[in-house]
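> got a predicted structure plus its sequence, pasted below:
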Amino acid sequence: MFSQKNKSEYVLEFTRTLPKSKKNVTSLYLFPPGEAEHLPELLDRTEWNARPIDFRYRVLGIPEDKKQHAEQSVSLLSPHYETLRSTWLASFQRSLEKVQYQIQQAGLGEQQVGRLLLLLRGFAKRIRTNVSSEPRQSRYQRQLDVYFSWLAEQSLLALIKNEGWADLPETAQAELKAYYHEEIEYRKAQGYLKELDSRSARIFYRMQLYRRFLDRYILLKPDVIELGNIARRSVKAFITTLIMSAFTIFIFYYRDSGYSLSIGLILTVAMVYALRDLLRDDLVKVLTDYIRKDKALWKLRYRKNKKSPLLFQQFLWRSIISFEQLPESVKKNSGKWFFSAGNNIFFFRSEIDGDGYLGIEENIEESIEIDFKPFADLLSSVKTPIYHYDFNDEEAEVGTHLIEQRHYYNLVLVTEDSQAEEPVKVQRWKLTLTAEGIVNTLVGRVIEPSKA
């Protein structure tokens, strides 16, 4: 099952641990609102058409029940040293996000503060003991420690700014502030202040750079292959051959008829070339799409690094489909405000196929990022004033509400495991989008076909 979080104002991220199966299929259906009937045609002219969704895969580390002495056996070797600690960081960040989500849902309490401090202290102890003195590993360790220190600071300050901070017991507040001051003193002792004492924007971009450096040891490297180039070139050559053959027959017929060069002939030749240029691109697209209907558009081959053996292949589909083409389990979850006429459903499919990653002990995290910026750009940022007045209150004044344009989307994720006995899993989210980004994301109730 996927978990969802808002990565930025416009980007949603869905993550899960990749099942240990030879073939995994993930299908994503995005249902636009009824008033956005021609949305697919509008988005087809934007960057959405080139790169609608990003897939990322990172190694999370060996599961707890299979660790044994694996960590000790590779702890002093490179790049295993860096890879191991990067997997620690990835697992820590997932645990940190879970605690932050609990605080967001249940409110700030003494129990949540205790969990956060326990998590931070545990990870700090883990990465700050048995530190290697090898120069390359020392540089890596410094960047990991600086990034964690900044991440811990941001987590603690976010709690202090939380609305429920004033209601916390004084003991919990004192414990949190004490750990914060401990972290600041540790920075001074290690000489980290130069990297973490600057303008907020500068620190943020530096930490993002550190994160990319730390992630490069665990992110799987894809080789992207665009499928259909041979079909496209063949169609292009066929159309050119067809048009030029007809043109050649016409020229020979014209010559044998005894006609001489004239303005009419020159214009005819020019129009044939103009017609070829006018129709070629459209004909190539229509015929290629027809030949490659229901076939994958991209193939990605994933490895731990460029010299490692292949772990798995991923095939990606993208199309605009109609309501009648949907599976029954998806139709029931299309949403109340969806316009069901025409081809206006965004459909994406990912199929993972391979035996290579089944033999490795590490867990692999799958991350799907969807950028809604092209959708938001089509909305108006103008806020319309709406006036209201309470007739029952004689002293009441005329009030004003500023109404902004909003679109409501339904997003359905369907996951299938071809070799497992578990049934197909359906998940649903309801999104509210404005010109400024995603303002609300709710987990929707999944309607089973048998219960409709």
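Received, thanks. Numbers count the residues shown, from 1 in each chain.

> for the residue nearest the centre of the chain, which three-state class applies?
Centroid-nearest residue in the chain, with C-alpha atoms, centre = their mean: E369, separated by 0.5 Å. The three-state assignment at E369 reads strand, by DSSP: H, G, I helix; E, B strand; the rest coil.

> ok, R301 next?
Classified using three-state DSSP, R301 is strand.

> quick check: closest non-adjacent residue to it.
D223 (4.4 Å; C-beta to C-beta, 6 or more residues apart in numbering). To be clear about C-beta, it is placed using only N, CA and C from the backbone, and glycine gets the same treatment.

> isn't the one you found up against S308?
No - counting by C-beta atoms under 8 Å, D223 stays clear of S308, with 11.8 Å between them.

> need the residues touching each of those two.
Counting by C-beta atoms under 8 Å, 6 or more residues apart in numbering, D223 and S308 have no shared contacts at all.

> ok so, going back, show me the beta-bridge partners of the residue nearest to the centre of the chain.
E13, D54 (DSSP bridges).

> surely it meets T15?
No - under the criterion of C-beta under 8 Å, E369 is not in contact with T15, lying 9.6 Å apart.

> the helices in this protein, which residues?
39-43, 70-74, 80-106, 110-127, 135-160, 170-190, 193-196, 200-215, 229-256, 263-291, 328-331, 373-377 (DSSP state H).

> which among these is found nearest to E397?
helix 373-377 (34.2 Å; C-beta to C-beta).

> which of the residues in that closest one are buried?
374-376 (16 or more other C-beta atoms under 10 Å).

> what packs against that helix?
Counting contacts by 3 or more C-beta pairs under 8 Å, 6 or more residues apart in numbering; DSSP states H and E, helix 373-377 packs against helix 39-43, strand 425-434.

> wait, doesn't E110 sit right on A172?
Yes - using C-beta under 8 Å, E110 is in contact with A172, at 4.6 Å.

> so for those two, which sits in the more crowded spot?
Set E110 next to A172 and count neighbours by other C-beta atoms under 10 Å: A172 wins out with 19 against 14.

> name all residues that make contact with that one.
110, 113-114.

> how does it look with 10 Å?
Taking C-beta atoms under 10 Å, 6 or more residues apart in numbering as the criterion, A172 is in contact with 108-114, 117, 159, 165.

> CA atoms only: put stretch 173-183 into CSV for me.
What follows is stretch 173-183, C-alpha atoms only, in CSV (Å, rounded to 0.1, in the frame of the first residue of the first chain):
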residue,chain,number,x,y,z
GLN,A,173,9.1,21.7,27.0
ALA,A,174,12.3,21.7,29.1
GLU,A,175,13.4,18.3,27.8
LEU,A,176,13.0,19.4,24.2
LYS,A,177,14.8,22.7,24.7
ALA,A,178,17.6,20.9,26.6
TYR,A,179,18.2,18.5,23.6
TYR,A,180,18.1,21.5,21.2
HIS,A,181,20.8,23.3,23.2
GLU,A,182,22.8,20.0,23.4
GLU,A,183,22.7,19.9,19.6
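
> ok so, going back, which stretch in the helices of the chain is the model least sure about?
Taking the average pLDDT of each of the helices of the chain, the minimum falls on helix 70-74, with a mean of 46.

> rewinding a little: neighbours of the residue nearest to R301, how many?
Neighbours of D223 (other C-beta under 10 Å): 12.

> related to what we said a few turns ago, out of the helices and strands packed on helix 373-377, which gets nearest to K20?
strand 425-434 (16.0 Å).

> and that closest one, what does it pack against?
Packing contacts for strand 425-434, counted by 3 or more C-beta pairs under 10 Å, 6 or more residues apart in numbering; DSSP states H and E, involve strand 3-6, strand 11-17, strand 23-31, helix 328-331, helix 373-377, strand 407-417, strand 437-443.

> who wins for proximity to Y273 among the ones you listed?
helix 373-377 (36.0 Å).

> kindly format the C-alpha coordinates of that closest one as PDB.
Extracted in PDB, the C-alpha atoms of helix 373-377 (Å, rounded to 0.1, in the frame of the first residue of the first chain):
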ATOM      1  CA  LYS A 373       2.000  22.700 -11.500                       C
ATOM      2  CA  PRO A 374       0.700  22.400 -15.100                       C
ATOM      3  CA  PHE A 375      -2.800  21.900 -13.700                       C
ATOM      4  CA  ALA A 376      -2.500  24.900 -11.400                       C
ATOM      5  CA  ASP A 377      -1.300  27.100 -14.200                       C
END
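
> okay, now the domains of the protein?
3-224+295-451, 229-291 (automatic domain parsing).

> please identify the deepest-packed of these.
Comparing those by mean neighbour count (mean count of other C-beta atoms under 10 Å), domain 3-224+295-451 ranks first with a mean of 15.

> any idea how far that domain is from the chain center?
How far domain 3-224+295-451 lies from its chain's middle: 8 Å, per C-alpha atoms, centre = their mean, to the nearest Å.

> list every C-alpha atom in stretch 26-35, with coordinates, as CSV.
Presented in CSV, the C-alpha positions along stretch 26-35 are these (Å, rounded to 0.1, in the frame of the first residue of the first chain):
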residue,chain,number,x,y,z
THR,A,26,0.8,0.0,-10.6
SER,A,27,-2.0,1.8,-12.4
LEU,A,28,-2.8,5.5,-11.7
TYR,A,29,-6.1,7.1,-12.8
LEU,A,30,-6.6,10.9,-12.4
PHE,A,31,-10.2,12.1,-12.8
PRO,A,32,-10.5,15.9,-13.6
PRO,A,33,-13.6,17.9,-12.5
GLY,A,34,-16.6,18.2,-14.7
GLU,A,35,-15.9,21.9,-15.6
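
> what is in contact with E369 and T15 at once?
Common neighbours of E369 and T15 (C-beta under 10 Å, 6+ apart) are R56.

> adding distance to S329, write the contacts of A172 out as TSV.
What follows is these, written out as TSV (distance: C-beta to C-beta, whole Å):
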residue	distance to S329
L108	38
G109	38
E110	43
Q111	38
Q112	36
V113	41
G114	41
L117	43
L159	41
W165	44
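
> if we can go back for a sec, what's the separation between the residue nearest to the centre of the chain and F247?
Look at E369 and F247: by C-beta to C-beta, to the nearest Å, they are 49 Å apart.

> one more: T432?
T432 is 56 Å from F247, by C-beta to C-beta.

> please apply the same query to L209.
Per C-beta to C-beta, L209 is found 58 Å from F247.

> check the nearest residue to W429 once chain neighbours are set aside and give its pLDDT.
Nearest non-adjacent residue to W429, counting by C-beta to C-beta, 6+ apart: L411, 4.7 Å away. pLDDT, L411: 91.

> my read: L411 touches I370, true?
Yes - with contacts counted by C-beta atoms under 10 Å, L411 reaches I370, the gap being 7.9 Å.
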